[in-house]
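Visitor: Compute the structure for the input listed below.
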Amino acid sequence: MPDHAEPPQTSPPGTAEAPAARRASRRPVKAVLFDFHGTLAQVEDPQRWVLEAAAACGVTLDRVRATSLADRLLTAGRAGGPLPARVPPRLAELWADRDLYQHAHRGAYTGLAETVDAGIDGFADALYERLLTTEGWLPYADTAPTLTALRDAGVPVAVVSNIGFDLRPHFDSWGLTDLVGAFVLSYEVGRCKPDPAIFWRACGMLGVDPEQTLMVGDTPADAGAVAAGCSVLVLPAAEPGRENGLGAVLDLALPG
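Guide: Below is the predicted model of the structure:
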């Protein structure tokens, strides 16, 4: 090997620099869009979900039975949880429309829960009702600090969610509503992520250009915002109540 460096090579005029020599540029962030589930909040522990739903039906379950039911219900398909292992043909239409219509969202998830025989009257409806209560969700530990820091810096925020029910009561209960400039919910706007239209709607409601907007989520559907012109940050979902790495948003959105 030579014991000295070769002299630097210069490119002829008009020749593009090699990619490694290019300086990365970052577009300014004037607004941030956040996914809800898996990004700002997480559904409650499956066992607690089952115990509380059963209690609402007047039934007290022991931990062993609650755990068994929770495992079977997760396999069947839980809103805010894993996708179902199989969707029965009778539920296929409701499942396809679940994030576009409230009745389809409820019908799909109660129908899936009914495929698990728990022997408890009204159990499927009680499981669904837990979704509609703030007790059924936990915001991540870094959600409020992140939203507060963005508000204080004058960076507007929207929540963009594929969902079949209203999230606003949850934010009201958590004291976070004043930190959110717009809620763009699929069942209200008739578009689901990754359709670029839902991201354009959010940008329009905040009055910002997509090219100056950061979308933060946890799934490929959230990454679909790239097609709308937005920058994207994808974070892996964390366990309920823990931090979710949202501090990275501040590194990208706020000046150093």
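
Visitor: Please make it C-alpha for all contacts and neighbour counts, starting now.
Guide: Noted.

Visitor: Tell me who's in contact with Thr148.
Guide: Going by C-alpha atoms under 8 Å, 6 or more residues apart in numbering, Thr148 touches Leu179.

Visitor: Roughly how far does it sit from Gly224?
Guide: Separation of Thr148 from Gly224 (C-alpha to C-alpha, to the nearest Å): 26 Å.

Visitor: Could you check how far Glu243 is from Leu138?
Guide: 11 Å.

Visitor: And the strands in the stretch 51-200 of the chain?
Guide: Assigned by DSSP state E, counting those that start in this stretch, the stretch 51-200 of the chain shows strands spanning 137-139, 157-161, 182-185.

Visitor: just checking, what packs against the second one?
Guide: By that I understand strand 157-161. strand 31-34, helix 143-152, strand 182-185, helix 196-206 (3 or more C-alpha pairs under 8 Å, 6 or more residues apart in numbering; DSSP states H and E).

Visitor: hmm, 10 Å instead?
Guide: strand 31-34, helix 143-152, strand 182-185, helix 186-189, helix 196-206, strand 213-217 (3 or more C-alpha pairs under 10 Å, 6 or more residues apart in numbering; DSSP states H and E).

Visitor: would a markdown table of these with mean pLDDT and distance to Trp95 be doable?
Guide: Output for the helices and strands packed on strand 157-161, formatted as a markdown table (pLDDT from 0 to 100; distance: least, C-alpha to C-alpha, whole Å):
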| stretch | mean pLDDT | distance to Trp95 |
| --- | --- | --- |
| strand 31-34 | 98 | 24 |
| helix 143-152 | 97 | 30 |
| strand 182-185 | 98 | 17 |
| helix 186-189 | 98 | 13 |
| helix 196-206 | 98 | 20 |
| strand 213-217 | 97 | 22 |
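
Visitor: Need the ones you listed in a markdown table (columns: distance to Tyr128).
Guide: A markdown table is the format used below for the helices and strands packed on strand 157-161 (distance: least, C-alpha to C-alpha, whole Å):
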| stretch | distance to Tyr128 |
| --- | --- |
| strand 31-34 | 24 |
| helix 143-152 | 24 |
| strand 182-185 | 18 |
| helix 186-189 | 17 |
| helix 196-206 | 26 |
| strand 213-217 | 24 |
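
Visitor: Of all these, which one is nearest Leu91?
Guide: Leu91 lies closest, by C-alpha to C-alpha, to one member of the helices and strands packed on strand 157-161: helix 186-189, at 18.2 Å.

Visitor: Next up, the contacts around the closest residue to Ala237 other than its chain neighbours.
Guide: Leaving aside its sequence neighbours, Ala237 sits nearest to Gly38 (C-alpha to C-alpha, 6 or more residues apart in numbering; 4.6 Å). By C-alpha atoms under 10 Å, 6 or more residues apart in numbering, the contact list for Gly38 reads 80-81, 139-140, 217-219, 235-240, 244.

Visitor: coming back round to it: what is in contact with Glu243 and Leu138 at once?
Guide: Jointly contacting Glu243 and Leu138 under the rule C-alpha under 10 Å, 6+ apart are 40-41.

Visitor: mind giving me the domain split of this protein?
Guide: Domain assignment for the chain by automatic domain parsing gives 31-42+137-253, 44-134.

Visitor: now, of these, which is deepest in the fold?
Guide: Compared across the domains of the chain, domain 31-42+137-253 shows the largest average neighbour count, a mean of 19 (mean count of other C-alpha atoms under 10 Å).

Visitor: Centre of the chain to it, how far?
Guide: Using C-alpha atoms, centre = their mean, to the nearest Å, the mean C-alpha position of domain 31-42+137-253 is found 7 Å from that of the whole chain.

Visitor: so Val180 makes contact with Ala149?
Guide: No. Contact criterion C-alpha atoms under 10 Å: Val180 and Ala149 do not qualify, at 11.9 Å.

Visitor: To Gly164, which of the helices and strands packed on strand 157-161 lies closest?
Guide: helix 186-189 (5.4 Å).

Visitor: helices and strands around the closest one, which ones?
Guide: Here helix 186-189 touches helix 102-114, strand 157-161, helix 196-206, going by 3+ C-alpha pairs under 10 Å, 6+ apart.
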